[in-house]
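>>> here's a sequence, model it:
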Amino acid sequence: MRIASLNVGLPRDVQWHGRTVRTGIFKQPVSARLALRTLNLDGDRQADLTVHGGAHKAVYCYSQEHYSFWKAELPGKDLPPGVFGENFTIEGISESDVHLGDRFAVGSAELVVTQPRLPCYKLGLRFESDSMVKRFLASGRSGFYLAVTREGEVGPGDEIKPVGRDADAVPVGEITRLYVTRHYSASDKAVLRRILQIASVPDDWKNYFVERLQVAGG
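Below is the predicted model of the structure:
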């Protein structure tokens, strides 16, 4: 497992549906090693901090292996590294392999998995397609966010080394499925109760699932 491409970008103004939108989704690969701090990589910023960025979303990861799927889905579309807005284009790891609470060493930094990505309309802006948000979520290829537990320096080609797993570990892909599932089975409720015990999962996700469990009689 490694960083295949390290991508950063600063917010810019873009015209979309007749209005000006400020977005940080446009990322470009860099060859240099960068400082990774609690909130982001050097040279990278988020535009709307009410829904993007923050300590639980310091780094967004997306699997290089997913690009072949999207090349088939979007024929003729240019798909350079970072096009999904990810900071780490990662090789050899995906949502089915990674669990909430997994801890990794990358370069001299350490990180922990916090949540999957829920796409907003700015992904549609990036791809110039309003349908892209729905297609992205339906694909199950969400990518995931990391929080920084030890600041350090990272660079393209760095190995991603597992250093720990939470006792209540749940695959990233499972939390996305449970987010969109309308009705919970008994086993779904058991998984949700495990998710609520994982320290790295943000409170907004936990609060959402607590409410869903209450409605479902869990």
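>>> go ahead and flag the most central residue of the chain.
F144 (2.7 Å; C-alpha atoms, centre = their mean).
>>> L123 contacts F84, correct?
Yes - L123 is within contact range of F84, at 7.4 Å (criterion: C-beta atoms under 8 Å). The C-beta positions use only the backbone N, C-alpha and C, and glycine is treated the same way.
>>> more neighbours: which of these two?
F84 (26 against 20; other C-beta atoms under 10 Å).
>>> can you tell me which residues contact the residue nearest to the centre of the chain?
Contact analysis of F144 by C-beta atoms under 8 Å, 6 or more residues apart in numbering lists Y60, C61, E95, V98, V113, T114, Q115, P116, R117, V172.
>>> could you rerun that using 10 Å?
Going by C-beta atoms under 10 Å, 6 or more residues apart in numbering, F144 touches 57, 59-63, 86, 88, 90, 93-95, 98-100, 102, 113-117, 171-173, 175-176.
>>> among those, which ones are in helices?
Secondary structure assignment by DSSP state H places V172, G173, I175, T176 of these in helices.
>>> for the first one, report the pLDDT, please.
In the prediction, the pLDDT value recorded for V172 is 93.
>>> one more: the third one?
Per-residue confidence at I175 stands at 88 (pLDDT).
>>> for the longest helix belonging to the chain, which outside residues touch it?
As assigned by DSSP H, the longest helix anywhere in the chain is helix 203-215. Taking contacts as C-beta under 10 Å, 6+ apart, the residues outside helix 203-215 that touch it are 56, 100, 114-116, 118, 175, 178-179, 181-182, 184, 188-189, 191-193, 195-198, 201-202, 216, 218.
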